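S.K.: Structural data only, the sequence is not supplied:
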């Protein structure tokens, strides 16, 4: 607001100038100093805002001026003071040289808007859980009304000071002037506290403990604010205790609420199920399979409570939880069934009898002993009766059975007769029977006398016997011939098999092993070792006789036994015939061997020795050819180890050969010395160094073949000899297996270095791809899971064309789209594009149009909303934000309120929400107020009325003359003072609302009561005065 203050003191008479007073008094005042003609002020626009201004208009004086608004404390050359707060200011002016200061006789006051003040803020809490009926009432004074009010800290404003329909929460009350200035907050937050919803902690139920017994109980554990009420019959009855006793079995519906009845909460239904009596469905029995055998069985089938049943077949003496009774003997059994926990009466199942099979019986036994030792011609006959059907018989204690009662061809021994039924049941044991052979003689010992020399017949045997019956007969040839004497003489070396029998020929008895007569052991000539005289005619030959004997020392002879010695070696031998013989040291067992002949030998004349080396390393094609004069000779190239009849040797390997020649029949030899056959030089591979390729499809692997004998000239190959090069370093190699070879340049001496494998990084292989599309439109829950063939290895995976990588192969929280999959090893090698995968979320509906119809002619409950979809399909529709759904998009019979249209697929996916729609009663939800500006002067027509309409609806037309004229805009200007009748209606017509009367009041004109003046007392002295006395209602 901008105002002026004249130098004629009557500051309160706004708009009256000094010219008016000059005319009124026709008297001039002698001013020689500067004077203030006018002070123009602009009040601050809002409370606490420093945007006021003050302009001093001065005249007179000399030259330029300086100005002050703080009583001369500070001066400035500018006559306008900006950004000043509300307050009283001492205004003055003086010449620029500081002379003749002139001060305004009254302080100039800048006034900001007046702030409204709170008288009271009252609150009423919501009455129940989930009920939004809290109320806040704000009462204010001061400032400029009508006020605007807010309870959300100024986010929204209204003209009503009563706020209803509020949920629990913290509210900040505010009030501001009608023109929007000076928003003032209530310093104390307002908290609306609704009742606290109780909470179920647990509902414990105990079923009735027995049939038809009402001793069940339910205990509801809950927490809340204050005391609670409890119900288990769906709220039909309530009690203050959480314990419910003496309950029968059945279904109960627990509920809780606050004691005052608020905040009812329903729990899960609870079923109390008491025990019930068992019911026997069937009783089955299986008889024992054999006499006195406890393998009978009784099965009781019954139904009952879940905690289980117990069964008895002995009238209740013992009970078990299994329905099958095993290992039962024949007998009568009383069957009972009851609940395992002892509840409910016991159920009787009656008696069941199990029977054994019929048992056979022995009448007697008849038997006959064997007629000879070890003869199997004894017999047993079993006499029996009874049993079931045919019987089976056994005499070996039941190991074997037959249908006949007569057993024949039996040897001596113990027999245990038994009977049983043919199916194997009811076995009965008889008296043991012992079948006995005739008495048998037994050889106790055989006395032996060996022959005195090799081949002598002076040995003997004496058989010592016990047992038998009567006279005995003896044999030393396994019973081929017999004699009555136990002495056998004139025997040579050999093995004799002794036997004895009764004189009647029964019970032959043989010694367990033969009895041997042994000659003294003869030494055995194993062979001879000899060397002929080394030089023809010399006596340096040598013979060694190789012989063995297990029992005696040996003597040796080379003259057929003429002379003997205990040493087996004979030396210093010349040419001659040597007859080999050996014997025991005691002179027994003379034995001869093959005679040896040592002959004199004349060495041949050697004409030439031809030598050809092997052509290749390891080759066996070397040759030695010894040319000797005509004769029958033998030749050796290995120092006499082996000999051949000609001097031509071929297929020889490299090495040293010792050449000898002798007569064909043996004897002394001629030493021709050593000959060396040399092969080409061969490479010796020391080591093979390799470097694998650094990446897939990259050929940067290397192989280096290092030799021990690097001085040679060699060729190298790593591809099985397909290609060769002059050095052992190979580069630019890919992954693979390489076979190493080295040779001489003339292709000799091929050496293999084996195989080496260069193994670069392995391509990652995807075995499977699991793709799960998003479950809903705009849902980021799609998944891609990559399964590698070698899951034990580590890989990197990207699904954004290689922009980003991760070690995990599972990708979650994915939306619809195409994902380009790249894979690589953990080290980043072998990166490749695998392909693309597209995730497709469900397709949602598209809202093309929403057609809204408000109340028809202001008739409540006639609003409609129609949701129109672009494409056809099965959809569900909602107008309450998805709380309820229907199959059609047209909703009718709608009341005033806010509706949130939604549509989704019939499957419940892809919900689409449109902007909220208001169905409005054009006026019922409006807060209508006015911002007015009174005329600024008496008779002035600069008053204003501005409609302030808050709430839904519109557009509106406005009238302030009782409906005579209507305007689309809510601004009315150029108004004088008076009463104006406000009407409001919709632009499309109908439903006119009478708002009320608006008053504009202009200022009241002041009345001058008296004017008096006093001249300045001296020139250049500013002490003249003019005093105006006036009265009025403004200022």
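M.R.: Sure, I can see it. Quick caveat: nothing in here was measured; it's all calculated off a predicted structure.
S.K.: ok, and what's touching stretch 584-592?
M.R.: For stretch 584-592, contacts defined as CB atoms under 8 Å, 6 or more residues apart in numbering pick out 453-454, 519-525, 549, 552-555, 560-561, 566, 579-583. Any C-beta I mention is one placed from the backbone N, CA and C, and that applies to glycine too.
S.K.: which among these end up buried?
M.R.: 453-454, 519-520, 522-523, 525, 549, 552, 554-555, 580-583 (16 or more other CB atoms under 10 Å).
S.K.: among those, which one has the lowest pLDDT?
M.R.: For these, the model is least confident at residue 552; its pLDDT is 70.
S.K.: quick one: the helices in the stretch 1-150 of the chain?
M.R.: Secondary structure of the stretch 1-150 of the chain (DSSP state H, counting those that start in this stretch): helices located at 18-25.
S.K.: Where does pLDDT dip in it?
M.R.: Along the stretch 1-150 of the chain, the parts satisfying pLDDT under 70 run over 1-32.
S.K.: Surely residue 214 is in a strand?
M.R.: No: counting by DSSP: H, G, I helix; E, B strand; the rest coil, residue 214 falls outside a strand, being coil.
S.K.: Next one: it relative to residue 492, how far apart?
M.R.: 116 Å (CB to CB, to the nearest Å).
S.K.: ok, now residue 312?
M.R.: Counting by CB to CB, the gap from residue 312 to residue 492 is 90 Å.
S.K.: can you check residue 509 too?
M.R.: Taking CB to CB, one finds residue 509 at 26 Å from residue 492.
S.K.: Just want to know which of these two has more residues nearby.
M.R.: residue 509 (20 against 14; other CB atoms under 10 Å).
S.K.: and residue 810, what is it in contact with?
M.R.: 783-786.
S.K.: Test of understanding: give the bridge partners of it.
M.R.: Judged by DSSP bridges, the bridge partners of residue 810 are residue 785.
S.K.: Distance check, it against residue 190.
M.R.: 51 Å.
S.K.: Same question for residue 208.
M.R.: Applying CB to CB to residue 208 and residue 190 gives a distance of 54 Å.
S.K.: Okay, and which of the contacts of stretch 584-592 map to strands?
M.R.: Here DSSP state E is the test, and the contacts of stretch 584-592 give 524-525, 554-555, 581-583 as lying in strands.
S.K.: out of those residues, who's nearest residue 286?
M.R.: Of all the ones in strands among the contacts of stretch 584-592, residue 524 has the smallest distance to residue 286: 80.1 Å, by CB to CB.
S.K.: Pretty sure that closest one sits against residue 546.
M.R.: No: counting by CB atoms under 8 Å, residue 524 does not reach residue 546; the two are 9.5 Å apart.
S.K.: Would you map the helices across the stretch 551-700 of the chain?
M.R.: Under DSSP H, counting those that start in this stretch, the stretch 551-700 of the chain gives no helices.
S.K.: low pLDDT regions in it?
M.R.: In the stretch 551-700 of the chain (pLDDT under 70), the answer is 551, 599-603, 665-668.
S.K.: And for the stretch 751-900 of the chain?
M.R.: 791-793, 855-860.
S.K.: Can you show me the strands along it?
M.R.: In the stretch 751-900 of the chain, the strands defined using DSSP state E, counting those that start in this stretch lie at 751-758, 766-772, 782-788, 795-798, 810-814, 817-825, 832-839, 847-853, 863-869, 875-878, 890-894, 897-899.
S.K.: To residue 148, which of these lies closest?
M.R.: Using CB to CB, the nearest of these to residue 148 is strand 897-899, at 22.2 Å.
S.K.: Next, the residues that contact that closest one from outside, please.
M.R.: By CB under 8 Å, 6+ apart, strand 897-899 touches 865, 879-880, 891, 916-919.
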